[in-house]
Structures are given as structure tokens and as C-alpha cells.
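Colleague: Quick one: sequence and predicted model below, then my questions.
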Amino acid sequence: MMEKRRVVVTGIGAVTPLGNDAGTTWNNIIEGVSGIGPVTRLNADDFPAKVAAEVKEFNVENFMDRKDARKMDRFTHYAVAASLMAVKDSGLEITDENAPRVGVWIGSGIGGMETFEQQHETFMNRGYRRVSPFFVPMMIPDMATGQVSITLGARGFNSCTVTACATGTNSIGDAFKVIQRGDADVMVTGGAEAPITKMSFAGFCANTALSTNQDPQKASRPFDKDRDGFVMGEGAGIVVLEDLDHALARGAKIYAEIVGYGATGDAYHITAPAPEGEGGARAMKMALDDAGLAPEEVGYVNAHGTSTEYNDKYETMAIKTVFGEHAYKLAVSSTKSMTGHLLGAAGGIEAIFTVLALKEGILPPTINLETPDPECDLDYVPNAARKQQVNAAISNSLGFGGHNATIAFRKYDA
């Protein structure tokens, strides 16, 4: 059997509610800053939820011509910007020679919802002739991948995952496997989402998933007894994954090594997680087995940690199932306490936080953890970042439809 290729992270790029690049975002994460505020994209009076984690002061024209930007939905703007920053950070030059070995795999949970709503209104008011010829290519979720590959000139393996809130993690895991099996040398991968629109806000309000806490600083409170739902966020998180030999040959800097991937289905319910987080536990175990990591080698878990009643309780149970007694020695945190929930992009930015935690020896906090839920009794790094070296870490994402995904990273060691 052919030996699996080793895969490393050589570039990161992000557009988030905490900053329009990965560095600013990370600095705010370790400072415990919240990116959540009163919702401004919508009329808050129309909805029971009043807060959101919006991207602020983002100028798409820093990354593309206005004319091109008008042919893309907001989620694609974020994806292109984050991808350009990630590739620049990696120092990779994409040429005619290497382009067929550079792929793109970027997912989105709902794609161009904003475009859909605007064009539907145009159709209802003015008829089909006034609908934009770019309507379909602006709306479909794979257009982030499509536009990024065009922008970069990356002609290799090209795909898009849509697995709700597991999208970003599934995308990175699947891209990792593409390189590991030898079908590409480099993959630009992650997730992008721009869901702060009337219909998606209405939908999540209608199924009572969103927090109705009107205090932006306190609304997202994973693992806290007083949590009452998640806060919607937006943005993109992109990593450059690279075959280790390819990275070393060009003298690339290496953030961490990606070593394992697990993906499972609950086969239980369209929105609720399986009891006791059974599917999530299997995804974590699968990722550890794939990585050849013993549970006690893992020091940090970036939890899905949405701040909803069932997710936080069941994810805690799943961690205990997989790690046993070691669960109580693990650091677990939910960065959604600061970023809100970026849906399909969540796994993208959380992968970045996980590799930076390994590289920098700083574990992000879970802010707003004031009244611990007795059923959530692990070490959630409450309220302040912690300086702590860990050698291996995992990131979890769990999505509507029963999708569970886990990726495992370890500190890079030549």
C-alpha cells in the first residue's frame, strides 16, 4: 500500500466579525473580544433576535474590481478575499506549470441567499426580463470555489461541500484527503458564508435556534446555563494545505500538520443532534484513528459549541465518550462565544484558531461563561485565554442534517 503523504498548513486567510484578516481576528480572539453587535443589515424590529456578528468595514475593492464584485454574492467576496490573503501568506506562486496541481475546495452552507432574495423581489415586481443574467452563478454555493479558482488560476481538483454547519470542516478534511492520496500538491480550502439576510434570519428565528438575548456582549454564551441559542455570524476562513515535501522544497513556513479527519452521519433528525452526541463521538474517534493519535495525546478541542441547549450538552457528552477520564484534563473552548456562528464558514475560521493555538501555545477562551451548566462540566477555558503548549488538537463541526466532522492537527515536527 502506498504511504500516505504528509500534509501541512502553510497559509491562512480570514474575513470575520473580529477582523478583516487572520492576524487581527486572532489577536481579538485571544483578547476575548466579542464581534457581536446590534444587527444592522436588517430591521431588528421585524425579528425576535436583535444581534448578529457582522463583518465590519470590509471593502471588496481591495481585492477585485468593482465590476467583477457586482457579479458575485457577498459570500463569494469573503471567500475570494480570504483566499487571496491565505495564498499570499503561504508565499506560494501559482504558475502555468504548477496550476494543475493546485486545487480549491471551499464550501458554503446556503450560498448566495442575499442574491436570491434581491432577485426574487425584482422578479415579483418587474418580471423575468429584469432578473440578472448572473443570478444563478451568483447564488449557487459552489461559486466561491469557482471564483477563487479563476482568481488564483488554480486548475487542480475543484469542489464544494454543502453540509450545513459542518461545511468548513468537511471541506478542509476532504481537501486534506485529496493531497494525502496524491491528487494535488496544494489545496486552498475552507468555508464562506453571508447569511445575515431577511429570509435566513427569519428561518432561524422561526425554528427558535437564535438567541433572543438583546445584550450583544452576552448573547453567545456556550456551555453556560443561561444560553438561549446561537448568534448568526458571517465571513470566511481559508487555509492553504500543502504536501509536506512540496512545502519544504520551496522553503514554506509551516503552521501545523493536519493529521486526521472523521465524518459521520447521525441518521436521527433534521436539526437535533443524536442523543448523547453519538454521531459526533464517532467523528472524533474516526479523526483520532486516522491520525494515529491516542486520546491522551490531544490537549485542546475547538468545540462546535454553538450556545444552544442540545449542542453544548451533547457535544460535552461526546467528548467524554471519546476521551474518557482524559476529557477532564483537556482544554475545550468555543470561539463562537466571540465570532458568533458562521454556519458553513465556522469550520474554516475554527481550523485557523486551532492551528494558531498549536503554533503560538495560546488557547482561546470561551467568553460569557458565568453560570456553568452542571451538565457541561469540562474545562472550557472560561473567559480568558490561557498560555499552554499542546502537541495535538482537534476541531469539531456538527450540522443540520446530522452531519458531523472533526479534523485533527498536530504541532509540526520535522
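Modeller: Cool, the structure landed.

Colleague: what comes up buried for stretch 259-277?
Modeller: Neighbour counts over stretch 259-277 (16 or more other CB atoms under 10 Å) mark Val259, Gly260, Tyr261, Gly262, Ala263, Thr264, Asp266, Pro273, Ala274, Gly277 as buried. C-betas here are computed from N, CA, C, even on glycine.

Colleague: Repeat that for stretch 135-148.
Modeller: Neighbour counts over stretch 135-148 (16+ other CB under 10 Å) mark 135, 137-148 as buried.

Colleague: Kindly export it (C-alpha atoms) in PDB.
Modeller: Provided in PDB are the C-alpha atoms of stretch 135-148 (Å, rounded to 0.1, in the frame of the first residue of the first chain):
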ATOM      1  CA  PHE A 135     -28.500  35.400 -10.800                       C
ATOM      2  CA  VAL A 136     -27.700  31.700 -10.900                       C
ATOM      3  CA  PRO A 137     -23.900  31.900 -10.900                       C
ATOM      4  CA  MET A 138     -24.100  34.400  -8.100                       C
ATOM      5  CA  MET A 139     -26.400  32.200  -5.900                       C
ATOM      6  CA  ILE A 140     -25.100  28.700  -6.200                       C
ATOM      7  CA  PRO A 141     -22.900  27.600  -3.300                       C
ATOM      8  CA  ASP A 142     -20.000  26.300  -5.500                       C
ATOM      9  CA  MET A 143     -19.300  29.800  -6.900                       C
ATOM     10  CA  ALA A 144     -17.000  30.600  -4.100                       C
ATOM     11  CA  THR A 145     -14.800  27.800  -5.200                       C
ATOM     12  CA  GLY A 146     -15.300  28.700  -8.900                       C
ATOM     13  CA  GLN A 147     -14.400  32.300  -8.500                       C
ATOM     14  CA  VAL A 148     -11.400  31.600  -6.200                       C
END
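
Colleague: And for the host helix or strand of Ala281, what's in contact with it?
Modeller: Using DSSP states H and E, Ala281 sits within helix 278-291. Applying CB atoms under 8 Å, 6 or more residues apart in numbering, the contact partners of helix 278-291 are 259-268, 273-274, 294-295, 298, 304, 314-315, 317-319, 321-322, 392, 394, 396, 398, 402, 404-408, 410.

Colleague: ok so, going back, from the buried residues of stretch 259-277, pick the one nearest Asp65.
Modeller: Closest approach between the buried residues of stretch 259-277 and Asp65, by CB to CB: Tyr261, at 36.8 Å.

Colleague: Confirm for me that that closest one is in contact with Val178.
Modeller: No: the pair Tyr261 / Val178 is not scored as a contact, 11.1 Å apart, by CB atoms under 8 Å.

Colleague: how far away is Ala194 from Glu117?
Modeller: 11 Å (CB to CB, to the nearest Å).

Colleague: These two: which has the busier surroundings?
Modeller: Ala194 (31 against 15; other CB atoms under 10 Å).

Colleague: what's the distance between the closest residue to Lys218 other than its chain neighbours and Phe47?
Modeller: Once flanking residues are discounted, Lys218 sits nearest to Asn368: 5.5 Å by CB to CB, 6 or more residues apart in numbering. Distance, Asn368 to Phe47, by CB to CB: 21 Å.

Colleague: same thing with Lys387?
Modeller: 40 Å.

Colleague: Counting neighbours, go ahead and name the busier of those two.
Modeller: Neighbours per residue, other CB under 10 Å: of Lys387 and Phe47, the larger number sits with Phe47, 18 against 9.

Colleague: residue contacts, the residue nearest to the more buried one when sequence neighbours are not counted?
Modeller: In space, and not counting its chain neighbours, Phe47 is closest to Cys205: 5.2 Å by CB to CB, 6+ apart. Each residue near Cys205 by CB under 8 Å, 6+ apart is listed here: Phe47, Pro48, Ala49.

Colleague: for the stretch 201-350 of the chain, what spans make up the strands?
Modeller: 235-243, 256-265, 300-302, 331-333 (DSSP state E, counting those that start in this stretch).

Colleague: Against which helices or strands is the second one packed?
Modeller: Using 3 or more CB pairs under 8 Å, 6 or more residues apart in numbering; DSSP states H and E as the contact criterion, the elements in contact with strand 256-265 are strand 7-15, helix 167-180, helix 278-291, helix 346-360, strand 403-410.

Colleague: Having no further points to raise, I will conclude here.
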